[in-house]
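Novice: Give me coordinates for this.
(chains A and B)
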Amino acid sequence: LAVNLRKVQEVCCYEDASSKRHGDLEEFDEEQFNQEVGRCVLRVMVVKKSEPIGDRIVRFLTLFLKYASDKDNAIARGEDGDETVFMETPTSRLVSHIISLILPLLLTKDKVVRFRATQIIAQIVNTLDSIDDELFQLLRMGLLKRLRDKESTVRVQAVLGLGRLADESENGQDDEDSDDDSAGGVLEKLLDVLQHDPSADVRRALLLNLPFTPGTLPYLLERARDCDTGTRRALYSRLLPALGDFRHLSLTHREKLLRWGLRDRDENVRKATARLFRERWIEDCAGLQDAAEAGNGDQNKAAEPSYDALLELLERIDIINSGVEGGIAFEAMKEFWDGRPDYREHIRFEDNFWDELTPESMFVARTYNHYCRLNDDRKLISMVEDRMPEVTKFAFILQKHLNLLLENVQQVALAAEEDADVEDDTVQQEFCVEQLLHIALTLDYTDEIGRRKMFAVMREALALAELPEECTRLVVEVLRAICGSRPEGEREFCGIVLEGVAEVHDTIMGDDDADASFHSARSALSGDSTPKGKKSSDAGSDVVDEDKAIREIMVNMKCLHIAQCMLQNVQCDLEQNAHLVTMLNNLVVPAVRSQEAPIRERGLVCLGLCCLLSKDLSAENLTLFLHCFTKGHEALQTIAIQIISDILMAHPSLLGPMALTVSPSKNGDPSEDASQPVNPLLKPIYKMYSRSLKLVDAEVQTTGAISLSKLMLASSITDIDLLKQIVLAYFDPDTQANPSLRQALTYFIPVYCHSRRVNSERMAKIAVSVVHSMAERADDLDEEEEMVGLSVVIAQLVDWTDPRKLVDLSGRTDDKDSQSGSAHAILAEEILEKVLTPGCSREEKKSLFSMLGKLYINPGTPATTAQELSDLVNEALEMRSLETTAKNALNKLQTTLGKILARAESSSEERADGGIDFVEASTI
Amino acid sequence: NAGPTKRKEREPFEIDFAAPMSQAMADGLYTTAASISSITLPKAQWKSKSRNLLPDDKHFSSRQLLRLFLKPKAEMGSLRPSGGRLTAD
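Specialist: This next block holds a predicted model:
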């Protein structure tokens, strides 16, 4: 192969060289040579895309042209000396000849010819510096037309050619006025194609061939979310590393790129992003630091690990915002430590490190600590233990910075005017303390002295009313960790936190004299702590009243928040813990009855958390939560669904058939019959879920769907009507705008169906009516709406009910009998019954028959079922005006059923035979 | 044996530059498309509503089905009956 090619090459080169030399001397005919080359080029035009030779010859051709034109130009320049003028040379004449030969071929019917023609032109454009102006215009027009070619392969080539042209126009905008207009048009068209071309290859080719300019950048970066994995990967692994210093990107772009890339659904994209972050971006910072120190930076060598560079990198990704819980910086740093052992070795946390903390330095410490401690590698764990201060010392550090934070907070609160600097400092200090607390969560509290010190510091911190919420949450969690997981530990934890709650209440509500800006007569937690119904004994004016009311709300919010954080971390029986019962009665119940909406909502969450710890409490309050759903606004509805669903998950027996033992007198119907077999809660709860799926609010809808998913997977809810509503919500065009819902259901439905046989059989029972509803939905669709085709719906339903996809759960006897389920047999029966029903529309029949054709009937199907199905098939075959596809589906099914029946018959005969043998044997 | 047949498949692809233009080749080269539209991408495909971008990723995972809304930290392995914990294939 290669030899052949080389021979052709040699012949060409030789002839070319001689002809050129002689052409100049006018001994050989240049025209003849050009004709010859042209003739050869035409031969290449029909070479299919899959032949690598075609590409190689094209490359050879352009290389040759480049080489020859350089030579020609050198000769011409030698004579003339002027470099700017476009000169006519033998090669330029040859190029013109070839182009004019190929241009008309851009419009041939044969796609191979169009492909090669576009390819050659694109390559010529990319390799040659100058082309005859007139031809250039034609060529540009030709390529632009091919940008909309039917074949994506042709479009890719057109893109490759035009990418260069767009580049030229950008560079030459100032001095080439004639081209400005048209060339700008090229770029615009290319950007349009970048967004809209249906072929990923075309988009990818463009991504890698467009010039980087401020104008194109947003379009290029947008491809980080391209629906094609390869395109996303190309962006992260090729475009972005080539882009140069990442600091030219805007802050939002950096954050988005990191977030999208590190959380991409494709592993390779994630890897490419991680590499980009820890190898390129850090290098951009380290390189600069290096250069500043040494005066000249070596661009290609990886810079020495530099702590300052790391700090700068974190600053450049806005750590205060991206470093919070759920932000991307934590994941980015995990990848960083993972891929940079040199930095792991380099980093030190000496005493002076802890004196002056910045958000960046603190984040380095926290992520390093987490990376090493949560690693299985013993070496990493001992490394971090060596470098981090021991618990006692750490507790002192934490105490110091907590106090600094408190000073800041108070300063902000007391400042008459807004002081941006102080506020900034406070935000930074808050961030630092959060990171310290995160580290505190991972420490080893077997050291008793350290444990006590930390316990005291946390206990003290909790009582500080001014402590920001996120810090409070972390303090509670650290306390939980310190107290240990034994039941006694939990009791100690509850006691200590509730002491803190009382103290918070006291310090604010009781401090009449010390705090001049607040007046309050009440002080004790044990008193009536709700704002409503309270009368201020020393109210001097409305302002004071109002102040006091706000004050009370804040105190209550703070107390409830602490209680909520605590409840999230306990598991004991509510009734067994006196602290919790007191809290429930003195803090939570009054809050639920509060007039203030925020207090009420927090109270409800706390009550819900209490319910998780007590089934009786749950039974008493489910109706209350249902009421919140019925009457509440969206946010409250979401909370109500969450609480109810969590309760049902924690106490599934509440939905059981047994009547409730506790019937709350205040909201229970007095005539309610306790012996009623149906659980009276079922109906309103089902109704709530059903309503939630149909609500417009995306949050409520998603919460409802996820809740149902959980309860259905746990087999707590088995209602097939709710299942149908879930499936309908999944397909409904209205939920297009709610990706959370769609993505949750994309996960849930197959898992549900394929995990248990009964589940898939439930799906089989509703499938036909889903098709019916979807067909109706499609009919009254608004013009604006886009809906998935019925065929897609059918394919999905068939897949979900496919008995072969059932995951075998070992140890379940009923599944072992007939190795895989019979959901498709049930579905077949449903379909047949539906088509036999009068009134089933023609269109619907057609859909259903196509569905029937895709079913897989398990060979293990019981003979009785097979017989019933067979009868139905016979009945269906007698229907008038059956289409061929319908007939085929029916016949195919009948054949399968016939086999099952035949085998069943023969096996029953065998069994009968065996029986006789046995009888005979025994008689002998 | 399979040797010869395999070799046959891999027969080198040759372009005979010397050969005269065959009729078929000429047809291929010089038959222009019946209309521009027949070789052009249908207009409907010129624009893509989504700009070929992914929808906002919500990162739904099985963890969300295994934890409580109110107590996100507590995984409830012990609370659930068997059979729920499976991942899609």
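
Novice: What ranges in the stretch 601-750 of chain A fall below the confidence cut-off?
Specialist: Within the stretch 601-750 of chain A, the stretches with pLDDT under 70 are A:657-677.

Novice: and it, which residues reach chain B?
Specialist: For the stretch 601-750 of chain A, the residues in contact with chain B (C-beta under 8 Å from any C-beta of the partner chain) are A:605, A:608-609, A:612, A:642-643, A:645-646, A:649-650, A:652, A:703, A:706-707, A:709-710, A:713-715, A:739-740, A:742-744, A:746-748, A:750. For glycine as for every other residue, the C-beta is placed from the backbone atoms N, C-alpha and C.

Novice: Just the buried ones from the residues you listed?
Specialist: Neighbour-count burial (16 or more other C-beta atoms under 10 Å in any protein chain shown) applied to those gives A:605, A:608-609, A:612, A:642-643, A:645-646, A:649-650, A:652, A:703, A:706-707, A:709-710, A:713-715, A:739-740, A:742-744, A:747-748, A:750.

Novice: how about the nearest residue to A:Asn891, chain neighbours excluded?
Specialist: A:Leu877 (7.9 Å; C-beta to C-beta, 6 or more residues apart in numbering or on different chains).

Novice: Give me the residue ranges of chain B where confidence is low.
Specialist: B:1-15, B:17-18, B:74-89.

Novice: how much space between the residue nearest to A:Asn891 and A:Leu162?
Specialist: The gap separating A:Leu877 from A:Leu162 is 59 Å, by C-beta to C-beta, to the nearest Å.

Novice: Out of the two, name the residue with the larger neighbour count.
Specialist: Counted by other C-beta atoms under 10 Å in any protein chain shown, A:Leu877 and A:Leu162 do not tie: A:Leu162 has more neighbours, with 26 against 13.

Novice: For the regular element (helix or strand) spanning the more buried one, could you pull out the residues that count as buried?
Specialist: A:Leu162 is part of helix A:152-171, with elements assigned from DSSP states H and E. Residues of helix A:152-171 classed as buried: A:152-167, A:169-170 (neighbour count, 16+ other C-beta under 10 Å).

Novice: do stretch A:623-641 as well
Specialist: For stretch A:623-641, a neighbour-count test (16+ other C-beta under 10 Å) marks A:623-626, A:628-629, A:632, A:636-641 as buried.

Novice: Restricted to helices, list the buried ones among the residues of the stretch 601-750 of chain A next to chain B.
Specialist: A:605, A:608-609, A:612, A:642-643, A:645-646, A:649-650, A:703, A:706-707, A:709-710, A:713, A:739-740, A:742-744, A:747-748, A:750 (DSSP state H).

Novice: List the contacts of A:Asp192.
Specialist: For A:Asp192, the contact set (C-beta atoms under 8 Å, 6 or more residues apart in numbering or on different chains) is empty.

Novice: Can you list the low-confidence ranges for the stretch 201-350 of chain A?
Specialist: Scanning the stretch 201-350 of chain A for pLDDT under 70 picks out the ranges A:288-302.

Novice: Spell out which residues of it are next to chain B.
Specialist: Checking the stretch 201-350 of chain A against chain B by C-beta under 8 Å from any C-beta, the hits are A:203, A:222, A:225-228, A:260, A:263, A:265.

Novice: again with the stretch 51-200 of chain A
Specialist: Contact residues, the stretch 51-200 of chain A versus chain B (C-beta under 8 Å from any C-beta): A:51, A:53, A:57, A:104-105, A:107-114, A:145, A:148-150, A:155, A:195-198, A:200.

Novice: Of the residues you listed, grab the buried ones for PyMOL.
Specialist: Buried residues within those, by 16+ other C-beta under 10 Å, are selected in PyMOL with:
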select buried, chain A and resi 53+57+105+107+108+109+110+111+112+113+114+145+148+149+150+155+195+196+197+198+200
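
Novice: Which residue lies closest in space to A:Ser100, excluding its sequence neighbours?
Specialist: Closest residue to A:Ser100 apart from its sequence neighbours, by C-beta to C-beta, 6+ apart: A:Leu135 at 6.9 Å.

Novice: again, but for A:Glu833
Specialist: A:Glu833's closest residue in space is A:Leu872 (C-beta to C-beta, 6+ apart), at 6.9 Å.

Novice: Would you confirm that the one you found contacts A:Glu829?
Specialist: Yes. Assessed by C-beta atoms under 8 Å, A:Leu872 is found in contact with A:Glu829 at 6.6 Å.

Novice: name the helices or strands packed onto the stretch of helix or strand A:Val433 belongs to?
Specialist: In this structure, A:Val433 sits in helix A:420-442 according to DSSP H and E. Counting by 3 or more C-beta pairs under 8 Å, 6 or more residues apart in numbering or on different chains; DSSP states H and E, the packing neighbours recorded for helix A:420-442 are helix A:319-322, helix A:359-373, helix A:391-414, helix A:469-483.

Novice: contacting residues around that helix?
Specialist: So helix A:420-442 is contacted by A:319-320, A:323-324, A:357-359, A:362-363, A:365-366, A:369-370, A:373-374, A:388, A:394-395, A:397-398, A:401-402, A:404-405, A:408-409, A:411-412, A:415, A:454, A:458, A:468, A:470-471, A:474-475, A:477-478, A:481 (C-beta under 8 Å, 6+ apart).

Novice: Give me the buried entries from those residues.
Specialist: A:319-320, A:323, A:357-359, A:362-363, A:365-366, A:369-370, A:373, A:388, A:394-395, A:397-398, A:401-402, A:404-405, A:408-409, A:412, A:454, A:458, A:468, A:471, A:474-475, A:477-478, A:481.

Novice: What are the structural domain limits within chain A?
Specialist: For chain A, automatic domain parsing gives the domain ranges A:484-613, A:762-924.

Novice: and among the ones you listed, the most buried is which?
Specialist: Using mean count of other C-beta atoms under 10 Å in any protein chain shown, the stretch among the domains of chain A with the largest mean neighbour count is domain A:484-613, at a mean of 18.

Novice: End to end on that one, go ahead and measure it.
Specialist: Using C-alpha to C-alpha, to the nearest Å, the end-to-end distance of domain A:484-613 comes to 19 Å.

Novice: One more: stretch A:479-489?
Specialist: Chord length of stretch A:479-489, first to last residue, is 10 Å (C-alpha to C-alpha).

Novice: chain center to that stretch, what's the gap?
Specialist: Mean-position distance between stretch A:479-489 and its chain equals 35 Å (C-alpha atoms, centre = their mean, to the nearest Å).

Novice: Could you do stretch A:65-72 as well?
Specialist: Taking mean C-alpha positions (C-alpha atoms, centre = their mean), stretch A:65-72 and its chain are 52 Å apart.

Novice: Extract the CA atoms of that stretch and return them as CSV.
Specialist: Output of stretch A:65-72 as CSV, limited to C-alpha atoms (Å, rounded to 0.1, in the frame of the first residue of the first chain):
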residue,chain,number,x,y,z
LEU,A,65,1.6,22.8,-3.4
LYS,A,66,2.8,24.5,-0.3
TYR,A,67,6.4,23.5,-0.9
ALA,A,68,6.3,24.4,-4.5
SER,A,69,4.7,27.8,-3.9
ASP,A,70,7.2,28.6,-1.3
LYS,A,71,10.0,27.8,-3.7
ASP,A,72,8.3,29.8,-6.4
